[in-house]
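A.B. asks: Structural data only, the sequence is not supplied:
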């Protein structure tokens with residue numbers, strides 16, 4: 001183990017999180033305003049995935065996560081998890097992430113990523129010359145075309161771990177022997 005991480009263990013992480021939760025639950029230190037816009041409307045939230053988990057209002061949270069729909073969100077001070085989709089985030093495909101004037105809403109999507117499953121509301125481009133849904137998803141680095149898709153990072157991770165070996169499986173399917181039929185230059 002790297003010496004820099006020897007003292008960092010699960011108990012220390014849990015202790016630090018417990019102290020933070022306790023501090024935020026105390027009425028005197030409970031945040032009442034958004035740390036980004038200083039407004040006090042609606043509930044307050046924080047992202048467990050962002051490097052700096054500021055406590056912000058829903059509007060600021062959605063603005064900050066427009067391009068990060070796979071982050072983990074929790075309410076403050078109850079720390080109950082909530083999805084960005086439940087807070088109103090819509091992922092727009094096509095038009096560089098902006099809303100399509102003829103968008104087709106689909107609120108029943110699950111994206112599987114390294115940090116778990118995420119319910120996401122998608123708005124597909126509905127223009128006459130729009131790419132097929134699968135191509136629009138691939139442009140967002142998502143694999144699949146049904147209502148459950150994989151984040152490219154998850155696919156890449158599975159390949160790195162050897163859980164997916166498409167070249168070898170294809171060669172076996174074609175009835176070739178060990179190593180035969182595997183394209184030259186493919187790393188085994």
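C.D. replies: Here it is on my side, so go on. It should be emphasised that the depicted structure is a prediction, and the values quoted were computed from it without experimental measurement. Numbering: from 1, shown residues only.
A.B. asks: Could you list the domains of the protein?
C.D. replies: As given by automatic domain parsing, the domain ranges for the chain are 1-85, 89-188.
A.B. asks: Give me the most central residue, this structure.
C.D. replies: With distances taken as Cα atoms, centre = their mean, the residue of the chain nearest its centroid is residue 70 (1.6 Å).
A.B. asks: What strand or helix carries residue 16?
C.D. replies: If you go by DSSP states H and E, residue 16 is part of helix 10-25.
A.B. asks: Adding mean pLDDT, write the domains of the chain out as a markdown table.
C.D. replies: Shown next, in a markdown table, are the domains of the chain (pLDDT from 0 to 100):
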| stretch | mean pLDDT |
| --- | --- |
| domain 1-85 | 81 |
| domain 89-188 | 80 |
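A.B. asks: re earlier: the residue nearest to the centre of the chain: what's it in contact with?
C.D. replies: Neighbouring residues of residue 70 by Cβ atoms under 8 Å, 6 or more residues apart in numbering: 49, 111, 113, 115, 118, 151. Any C-beta I mention is one placed from the backbone N, CA and C, and that applies to glycine too.
A.B. asks: from those, which would you call buried?
C.D. replies: The neighbour count (16 or more other Cβ atoms under 10 Å) marks 111, 113, 118, 151 as buried among the contacts of residue 70.
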